[in-house]
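1. show me the folded form of this:
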Amino acid sequence: MNRSTQQTDAVSLEQVAERAGAAWACSFSSSDEYNAAIIAERRAAGVYGPLRQRRQIFLTATGVAAGLGAMTLIIAALA
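-> Numbering: from 1, shown residues only. This next block holds a predicted model:
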């Protein structure tokens, strides 16, 4: 190998190493920023949509009904 080929190979190797390093770089500066991006992406996809809200309303209504039923039993037992 002559000297110019070695220099060309060295420059080429450096360029490949720089590109490989850039490929592994993370675009987020912290895990909080990463998690915020994940949540925003999921919201845009509808993961946290109406179904979750309906389920929460149903569970709240069930809890209120159970509480009223328990109060009714307690009042009936005291009367």
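2. count of residues packed around G63?
-> Other residues near G63 come to 10 when the count uses other CB atoms under 10 Å. All C-beta atoms are positioned from the backbone trio N, CA, C, and that covers glycine.
3. per-residue pLDDT, it?
-> In the prediction, the pLDDT value recorded for G63 is 95.
4. what helix or strand does it sit in?
-> Here G63 sits within helix 50-78, counting by DSSP states H and E.
5. one more: E18?
-> In the assignment (DSSP H and E), E18 maps to helix 3-24.
6. give the next helix or strand downstream of that helix.
-> helix 31-45.
7. tell me which residue is most central in the chain.
-> I38 (3.6 Å; CA atoms, centre = their mean).
8. pLDDT score for it?
-> Looking at I38, the pLDDT reads 91.
9. kindly report the same for G21.
-> The model's pLDDT for G21 equals 60.
10. can you pull the domain assignment for the protein?
-> As given by automatic domain parsing, the domain ranges for the chain are 1-47, 49-79.
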